[in-house]
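Colleague: how would this look folded up:
(one chain, ligands or ions: 1)
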Amino acid sequence: MLRFKRLASHYNQARLLRKYPVGGTFHGYEVQRVLPVPEMKFIAVDLKHLQTGSQHLHIDRDDRNNVFSIAFKTNPPDATGVPHILEHTTLCGSHKYPVRDPFFKMLNRSLANFMNAMTGHDYTFYPFATANKADFSNLRDVYLDATFRPLLNHQDFLQEGWRLEQSNLEDPKSEIIFKGVVYNEMKGQVSSSNYQFWTKFQERIYPSLNNSGGDPQKITDLQYSDLVDFHSKNYHPSNAKTFTYGNFPLEDTLNRLNEEFKLHGKRKTSAGVRKPLDFDSDVRIVEKGQIDTMLPMDKQLKTSMTWLCGDPSDVYNTFVLRILGNLLMDGHSSPFYQQLIETGIGYEFSVNSGVDSTTAANFLSVGVQGCGDVKRFEQTVRSIFKDVLEKPFESDKVEAIIQQLELSKKNQRADFGLQLLYSLVPGWTNKTDPFDTLVFDDILSQFRYDWAEKGNELFRELIRQYVLDKPCFHFSMEADQDFSQAAELEEAERLRAKLSQLDDTDKKTILNRGLQLQEKQNEIEDVSCLPSLKIDDIPRAGEMYDVISKAHVSHRLTDTNGITYLRGKRSLNNAIPKHLYPYLSLFADCLTSLGTTDETYSQIEDTMKLHTGGISTNVSVHTNPANAEPELQFSFEGFALNQKTEYVLDIWRKVLVETDITKNSEKLKVLIRSLASSNTATVAESGHSFARNYAGSHLTTARAINETLGGVEQLQLITRLASILDDPVLFQSEVVDKLNELKTHVISKEGMAFFITCDTDKQVSRVESQIHQFVQSLPEKIAANSFAARDYDLIPQNGKYKLIEFPFQVHYAAQSSLGASYSHPDGASLQVLANMLTFKHLHREVREKGGAYGGGAVYSALEGLMSFYSYRDPHPINSIEIFANSGEYVLEKADWGAADLDQAKLTIFQQVDAPISPSSEGTVHFTYGITNALRQKRREQLLDVTLSDVRDVAERYLVGKNSVSAVVGPRITEMSNEQWEIKQLQ
Ligand SMILES: [Zn+2]
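Modeller: Numbering: from 1, shown residues only. Model prediction:
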């Protein structure tokens, strides 16, 4: 490709360049190349560790949110999930830090705003982000020791991977079952038909990469020795790529890395680049999957077509391919959306749709879920590609994509470093040169040049080269009524086969091993070897984000890089008749989907993409910190370059005032079908939130309204509406009329408030007058209503546990009880209590012993609601029991000291003090009414919480107090009708 010469654009970059002389050596590293990227205000430095060949990439940028990461190329040898189980077990203790789960324990000894470990298709990486220098060095140390010198004890393998164990350790006669954190995590994943579609697709098109997460049916084949081998083969400096980002000095990191790496020799890395399936004619694969009980039986099919499109290491080609993918299927005016989704061939695009370049091959895929006719789908796809060869894309559409890219460079994000890392790691661990990816302006300039020269021929070339008359990979998944049952039978059979090989001594070993593991899990460990920040590292005064309030338009001045962010809201507390509450979320979605009397939504969206960074509308509910009453709010936002704000306001006017529901009722049907098609997948991914919200809606009005807006009740409504779309009379009365009626209640001049974030006073005045004009366009009159949000009914309690029945293979449990109001000191103590319970009690009981993937307690400060939850839980009833006894645990058993308290506060302040983007500054004031003074007061209350406060609130708010429990998942035999209320979704 054509390379534009890159020059250091100003003094600062020239100075930075001198800091990293090419050929210079630092702590065993040699500077290989340096790349100034002035458009993103950073310099990239590529270094090589001379002894091991390990590569380090440093991004020097004036940003305090520093990032560190170490990544290994880890080709999965089979589907046992060994890379994933290794990712978990490296974090179970290392030589220097020989404590269980040091990584998890560091969570409350640090101010990091991000700490994680992730397994990709063929790589594993361990990133963290923090703005604190001492913390950065502490965590870097723990990460390096964990990855290079993990203990990898047999017990860790059993706990995190899989094991056979008595279902009840107290009862040696209880049945032996499979347990293990990753085992249950992956069983939970399979419950989501979207996830299953995605992994099966990936396994079939890229068989050489297996399934890095682990197929539950294969995980139980993994042996401990395989895990140890896999570590020694792959976790070596020569197979590692390290990354730093931010304003901390690079030399410290190089010095520390060298200390570690110099103990190793150079190794020829065993992990080569693997290739996808090689096919020279069409391939057809059909898999069986989970049924979606919220969709009709003839709309269960998911189907897709995929073409191989070259190699991601050709960065420019991949970029053009992405633009093509964007033109074809992004947004309402794209041909695939119009001809596949709007025509009803599918309810929604399948999850693999788009351009994927996260492996060593590019895939261009298009697919749909909720499909009734595969043939029609395939014919339509092929004819769209042929059309593209004849009918050019409008140049405005291409320009809009370029504008979005330009704007995203200016739009500052608090997690810029992490996002950059995510975009680099997959290619970098294969053969892509990260420098090729970092030259944003070069790629864009090249593209502008080629687009001007060749126009649409640029895309036609790609279609001819890769798609038309080229072999296609067809992948479909059919729903199988017996899928869950078949999975259970398979597990039972697999278990039976394992058990049949055991004699009495083996069984005794299993029992003893289980007891030993339990004993170890119960041990109180000495964790003093772990580095920790001190409570004094948290400043008593928080960051202040001043907001200037003038009548109904507030603003904040900050460095926004030439962008203006606009927010509007209107309180709906006294505006909405009760019977229309269930329709509020759908109404908000209509505004950004349907179109007006004169314009289609595609036309509006095209203008939006060309001139703004996007517009959104929402209806939400929270609790007012001043009077503890529910605050039902209609809100809308958007952003644009300073000189283009009039577009944001013009689009607001169109979507709020001119949206024509009656005229666009066909689009409305498309929207409802698309919402219905992802209902079940949403619950599978975040069942704990649904369970928690459902429990809470028996206790607070805000939660009860939220249940209607976005909980299980909302899913039921959407499913019901999707079933009446073909009945014109019902559709008119139950959907169109309701939404039209709602419009007269929601959209009004009355009570509108606005918030502007930009960089100059002059811009504020400009936008203020634009807002003034916008308000004039809103209707004056509001429809009569006598119902107030504060009178919204709670779900009645009847003393029973609630089960929301879903055909998953795991459960999500929750329990909620009332706490104190936002400004009450007890609120702060309860928040600390929730944190201590999570880290000092529930993690051990629910995850380590109970085998759930996650579990803990959260305190919602605004609402004053204490909630417990478990995630992908094999034993929900046991977890509910543990939740219910948490108060007693604190009073009778917990041996918590000052260090534990400090750790809880550190964890809380990781989030309180996490760097935020300029566009978010001051928004909690505008949206929730939390002023600087209230935030500061809350901050001091949190810092001042004592151990006796924590015990005190445990006694007063938890022990013997009313609570509501809810579980999402399948019904199990222990759930009797006397104790359980079963809520079925159909
Ligand atoms: Zn995992």
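Colleague: domains of this protein?
Modeller: 11-192+202-261, 292-479, 793-983 (automatic domain parsing).
Colleague: Can you show me the helices along the stretch 451-600 of the chain?
Modeller: For the stretch 451-600 of the chain, helices defined by DSSP state H, counting those that start in this stretch occupy the ranges 457-462, 483-500, 504-522, 584-591.
Colleague: residues making contact with the longest one?
Modeller: Yep, that's helix 504-522 we're talking about. By CB atoms under 8 Å, 6 or more residues apart in numbering, the residues outside helix 504-522 that reach it are 100, 155, 158-159, 163-166, 169, 172, 176, 502, 844, 848-849. For every residue, glycine as well, the C-beta is placed using N, CA and C.
Colleague: check contacts around S860.
Modeller: Contacts of S860 (CB under 8 Å, 6+ apart): G696, S867.
Colleague: same check, this time on the one 3 residues further on
Modeller: Taking CB under 8 Å, 6+ apart as the definition of contact, the neighbours of E863 are H622, T623, G696, T700, A702, R703.
Colleague: Distance of it relative to E631?
Modeller: Distance of E863 to E631, given as CB to CB, to the nearest Å: 11 Å.
Colleague: same check, this time on H552
Modeller: Counting by CB to CB, the gap from H552 to E631 is 17 Å.
Colleague: Next: H121.
Modeller: For H121, the distance to E631 - CB to CB - is 44 Å.
Colleague: Would you mind listing the buried residues in stretch 799-818?
Modeller: Neighbour-count burial for stretch 799-818, counted by 16 or more other CB atoms under 10 Å, picks out 801-817.
Colleague: whoops, stretch 479-499 was the one
Modeller: Buried residues in stretch 479-499 (16+ other CB under 10 Å): A479, D480, F483, S484, A487, E491, R494, L495.
Colleague: which among the residues you listed gets closest to N962?
Modeller: The shortest approach to N962 among these belongs to S484, at 34.6 Å (CB to CB).
Colleague: still on that earlier bit, comparing H552 and E631, which residue is more hemmed in?
Modeller: In terms of neighbours (other CB atoms under 10 Å), E631 is the more surrounded of H552 and E631; the figures are 24 against 14.
Colleague: who touches both of E863 and E631?
Modeller: H622, T623, A702.
Colleague: Looking at the residues you listed, which are in strands?
Modeller: Per DSSP state E, strands hold the following members of the shared contacts of E863 and E631: H622, T623.
Colleague: and which of the shared contacts of E863 and E631 is nearest A899?
Modeller: Taking these together and measuring to A899 by CB to CB, the closest member is T623, at 33.2 Å.
Colleague: what about the closest one, how many residues close to it?
Modeller: 24.
Colleague: where in the stretch 1-150 of the chain is pLDDT low?
Modeller: 1-13 (pLDDT under 70).
Colleague: mind listing the strands for it?
Modeller: Counting by DSSP state E, counting those that start in this stretch, the segments of the stretch 1-150 of the chain that form strands are 25-26, 29-37, 42-49, 55-61, 66-73, 114-115, 118-119, 123-130.
Colleague: And the last one, what does it pack against?
Modeller: In this structure, strand 123-130 makes packing contacts with strand 66-73, helix 82-89, strand 114-115, strand 118-119, helix 133-148, helix 416-428, judged by 3 or more CB pairs under 8 Å, 6 or more residues apart in numbering; DSSP states H and E.
Colleague: Include mean neighbour count and distance to L584 when you put those into CSV, please.
Modeller: Listed next are the helices and strands packed on strand 123-130 as CSV, based on neighbours: other CB atoms under 10 Å; distance: least, CB to CB, whole Å:
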stretch, mean neighbour count, distance to L584
strand 66-73, 24, 39
helix 82-89, 26, 40
strand 114-115, 17, 33
strand 118-119, 18, 36
helix 133-148, 21, 42
helix 416-428, 20, 32
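Colleague: ok, the lengthiest strand in the chain: who's next to it in the sheet?
Modeller: What stands out as the longest strand in the chain, according to DSSP E, is strand 630-641. Applying DSSP bridges to the sheet, strand 630-641 is found paired with strand 563-571 (antiparallel), strand 615-623 (antiparallel).
Colleague: Reformat these as a markdown table; add distance to F447.
Modeller: Converted to a markdown table, the strands paired with strand 630-641 look like this (distance: least, CB to CB, whole Å):
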| stretch | distance to F447 |
| --- | --- |
| strand 563-571 | 23 |
| strand 615-623 | 26 |
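Colleague: which of these sits most buried?
Modeller: Among those, strand 563-571 has the highest mean neighbour count (mean count of other CB atoms under 10 Å), at a mean of 22.
Colleague: Average pLDDT for that strand, rounded please.
Modeller: Averaging pLDDT along strand 563-571 gives 97.
Colleague: What are the contacting residues of that strand?
Modeller: Here strand 563-571 makes contact (CB under 8 Å, 6+ apart) with 407, 410-411, 613, 631-642, 645, 648-649, 652, 746, 748, 750-758, 763, 767, 771, 919, 923, 926-927.
Colleague: do stretch 383-396 as well
Modeller: For stretch 383-396, using CB under 8 Å, 6+ apart, the contacting residues are 327-328, 335-336, 339, 455-456, 459-460, 463-464, 467-468, 606, 610.
Colleague: and what of stretch 593-611?
Modeller: Stretch 593-611 is contacted by residues 331-333, 338, 396-397, 399-401, 403-404, 592, 614-615, 640, 644, 647, 651, 654-655, 658-661, 663-664, 667-668, 671 when judged by CB under 8 Å, 6+ apart.
Colleague: Can you list the buried residues in it?
Modeller: Buried residues in stretch 593-611 (16+ other CB under 10 Å): 593-596, 600-602, 604-611.
Colleague: Now do the end-to-end distance for it.
Modeller: 18 Å (CA to CA, to the nearest Å).
Colleague: What's the mean pLDDT across that stretch?
Modeller: 95.
Colleague: How far does that stretch sit from its chain's centre?
Modeller: 28 Å (CA atoms, centre = their mean, to the nearest Å).
Colleague: Would you mind saying which of the strands of the stretch 1-150 of the chain lies nearest L947?
Modeller: Closest of the strands of the stretch 1-150 of the chain to L947 is strand 114-115, at 25.9 Å (criterion: CB to CB).
Colleague: which helices and strands does the closest one pack with?
Modeller: strand 123-130.
Colleague: give the contact list for the closest residue to H84 other than its chain neighbours.
Modeller: Excluding the flanking residues, the one nearest H84 by CB to CB, 6 or more residues apart in numbering is T119, at 4.4 Å. Neighbouring residues of T119 by CB under 8 Å, 6+ apart: T74, P83, H84, E87, S212, G213.
Colleague: who are the neighbours in contact with the nearest residue to S110 once chain neighbours are set aside?
Modeller: Take S110 and drop its neighbours on the chain: the residue closest to it by CB to CB, 6+ apart is D135, 5.0 Å away. Contact analysis of D135 by CB under 8 Å, 6+ apart lists S110, L111, A112, L533, D537.
Colleague: Flag the shaky bits of the stretch 851-986 of the chain, pLDDT-wise.
Modeller: For the stretch 851-986 of the chain, the ranges with pLDDT under 70 are 986.
Colleague: let's see 80
Modeller: Applying pLDDT under 80 to the stretch 851-986 of the chain picks out residues 985-986.
Colleague: does E251 count as helix, strand or coil?
Modeller: Of the three states, E251 takes helix according to DSSP: H, G, I helix; E, B strand; the rest coil.
Colleague: surely it meets H27?
Modeller: Yes: the pair E251 / H27 is scored as a contact, 6.9 Å apart, by CB atoms under 8 Å.
Colleague: which of these two has more neighbours?
Modeller: H27 (18 against 12).
Colleague: residues contacting that one?
Modeller: If a contact means CB under 8 Å, 6+ apart, then H27 has E251, L254, N255, L257, N258 as its contacts.
Colleague: Kindly recompute the last result at 6 Å.
Modeller: Neighbour list for H27: L254, N255, N258 [criterion: CB atoms under 6 Å, 6 or more residues apart in numbering].
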